[in-house]
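Undergrad: Predicted model and sequence below, questions to follow.
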Amino acid sequence: TYAIKDLIFENAKMGKSKLMVIVPEQNSFETETAILDLMGPVLAQKIDVVSFTRLLDLVSREYGGRTAKRINKGDRTLFMSLAIDAVKDKLNIYKGQTEKPEFIDTMISALTEFKMCNVDFKELIETSENVREKSLREKLIETSLILNTYESLVSQTYVEPLDDLTRLHKMLIDNSFFEDYTVAIDGFDGFTMQQYKIIEDILRQAESVYMTFCTDRKVFENDAFNLFLPVNKSVKRVLNLANRNGIEVCEPIYLTENYRTKSRGLKGLEENIFRIEGKRLDERTDDVIVYNANTKYDEVDFVSRTIKRLIMQDGYKYGDIAILTRNDQLYRGIIDYSLEKYDIPYFMDKREDIDSKPLMHVLLGAFEIINSGFSTQSIFRYLKTLLIGFTTEEISILENYVLFWNIDGKKWLDEFTSNPNGYFQLNDDDIIKLDEINRIRKRVISPILKLYKATRRVDGKGITIALYEFLEDINIIENLKNYVNNLINMEQD
């Protein structure tokens, strides 16, 4: 990873503008931050840091692509259920399974596996013709029937995200997107068949391609079982792709320096752990300590005591110390109690669904209004977050009016003119009430309309500025304060 960053940095300094780093989805933000820190904002702008999934968005913006609604997990379950129900009379092997909910999950798992392995469902039928064992042959035929029916149902209205890389591959066949690009692929232990297709497209089109793999030079040429066998198989598969397409492969660069730590103990552990024949360090080190705890409570207490000793005796700061666990759920409620017991300040990182945050409801709601063409349903979902600055009475007045007069879509952009009290001629009181409703309508629509205009045909920076100004327009800081105060008052009541 360090070598890749330096290589890309050198290319950027030489004036190359078509530079791309492809990393796993979970590494993209970290890689973008590291490149920004290394190169500064001017050079970092020249480099696209993407995952395979985000690469589809990049190519689609260049050449266009299907923009139908993408199905989610719930949609997928529903469509698979419909597909099974549609063909259940034609099933034999699976006949007794069609009413079981778990059978839907089984078919979805099969769907996911076949998509990742780039298997066409029609191939299952062809394969079944060469299978002698009757039950296996029928399973292949019936699985193909169910999955083909599923695809037919989905393709009428939706796009299946599992096909993203297949769609990307087809676009790259028709377009030379990577022409003159220097591409680095970093952080992968292996690839799916879909990803191998994309890699082959990149190899054929790009000016140069660099790939990193974590393996050991000593065992790279050895096909026998070893710690790095899966990685080595991936390397050889990529080399075969290059040879098949007549692409020159340079001599590999072997990196031996460990930049992640200066600790002899950690370096020795990294070099020898999980090896059948490990080497002992030639000198004693206190960098690595193994503590045999009786319980998780004992384990965590040892960690807390060690931290306290490092702070009080060895001159460490709390910010120098991190606690890592394989599964934080096993220690939640234990480790925080122990740290508090020893008066150790801490920040506990945990994954949370961003969609559950009130502020994100506001932002996503605003975009839903724009994407739905100002649908009434999306507007009231947005208003009922209670973070937009409207009272429940104002929302009710507006909701009663638009539901009575069936207002939807672009009608929200025009002044309301119908009588709030129904099919009667407007009197003075009606006009006053209608004016109030229009004032509410304008307060709702104006910030959304401004956001819509500000986010058309702009880059990420433009969208960020537009979102910030939108939040200012709806007075989000004051609204959040009021929201918190209301929650506190409700708790006290």
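TA: Yep, that arrived. Numbering: from 1, shown residues only.

Undergrad: just checking, what's the longest helix in the protein?
TA: helix 428-454 (DSSP state H).

Undergrad: tell me what that helix is packed against?
TA: helix 358-371, helix 392-404, helix 460-473 (3 or more Cβ pairs under 8 Å, 6 or more residues apart in numbering; DSSP states H and E). Any C-beta I mention is one placed from the backbone N, CA and C, and that applies to glycine too.

Undergrad: want to throw those into TSV with mean neighbour count, mean pLDDT and distance to residue 240?
TA: Shown next, in TSV, are the helices and strands packed on helix 428-454 (neighbours: other Cβ atoms under 10 Å; pLDDT from 0 to 100; distance: least, Cβ to Cβ, whole Å):
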stretch	mean neighbour count	mean pLDDT	distance to residue 240
helix 358-371	17	91	44
helix 392-404	15	93	62
helix 460-473	14	91	37
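
Undergrad: Please name whichever of those is nearest to residue 432.
TA: helix 392-404 (12.3 Å; Cβ to Cβ).

Undergrad: Report the distance from the closest one to the chain centre.
TA: 37 Å (Cα atoms, centre = their mean, to the nearest Å).

Undergrad: mind checking which helix or strand residue 279 is in?
TA: Taking DSSP states H and E as the definition, one finds residue 279 inside no helix or strand.

Undergrad: Which pLDDT value belongs to the closest residue to it other than its chain neighbours?
TA: For residue 279, ignoring the flanking residues on the chain, the nearest one in space by Cβ to Cβ, 6 or more residues apart in numbering is residue 272 at 5.5 Å. For residue 272, the model assigns a pLDDT of 80.

Undergrad: Likewise for residue 73?
TA: pLDDT for residue 73: 88.

Undergrad: Next: residue 65.
TA: 67.

Undergrad: Start the count at 57 instead of 1 going forward.
TA: With the count now opening at 57, the last piece we talked about shows up as residue 121.

Undergrad: Let me have the helices and strands packed on helix 484-510 in a markdown table, extended by distance to residue 104.
TA: Formatted as a markdown table, the helices and strands packed on helix 484-510 follow (distance: least, Cβ to Cβ, whole Å):
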| stretch | distance to residue 104 |
| --- | --- |
| helix 414-427 | 24 |
| helix 448-460 | 43 |
| helix 516-529 | 12 |
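
Undergrad: Of those helices, which is nearest residue 536?
TA: Smallest distance to residue 536 across the helices and strands packed on helix 484-510 (Cβ to Cβ): 7.3 Å, for helix 414-427.

Undergrad: quick revisit: looking at the helices and strands packed on helix 484-510, spot the one closest to residue 85.
TA: With Cβ to Cβ as the yardstick, what comes closest out of those is helix 516-529 (13.1 Å).

Undergrad: so where's the stretch 57-206 of the chain shaky on pLDDT?
TA: 121-124 (pLDDT under 70).

Undergrad: 50 instead, please
TA: Across the stretch 57-206 of the chain, nothing is flagged by pLDDT under 50.

Undergrad: for the longest helix of the chain, the distance to its chain's centre please.
TA: 37 Å.

Undergrad: Could you pull up the mean pLDDT of that helix?
TA: Average pLDDT, helix 484-510: 94.

Undergrad: Now do the buried residues in it.
TA: Residues 486, 489-490, 493, 496-497, 499-501, 503-505, 507-508 are the ones in helix 484-510 that count as buried (16 or more other Cβ atoms under 10 Å).

Undergrad: I'd like to check the angle between it and helix 414-427, please.
TA: Angle between the axes of helix 484-510 and helix 414-427 is 90 degrees (criterion: axes from the mean of the first three to the mean of the last three Cα atoms, to 10 degrees).

Undergrad: how far off helix 448-460 does helix 484-510 point, in degrees?
TA: 90 degrees.

Undergrad: Distance of the residue nearest to residue 335 relative to residue 543?
TA: 54 Å (Cβ to Cβ, to the nearest Å).

Undergrad: Mind checking which of these two has more residues around it?
TA: Taking neighbours as other Cβ atoms under 10 Å, residue 328 and residue 543 compare with residue 328 leading, 13 against 10.

Undergrad: thought that one was touching residue 344?
TA: No - Residue 328 is beyond contact range of residue 344, at 11.3 Å (criterion: Cβ atoms under 8 Å).
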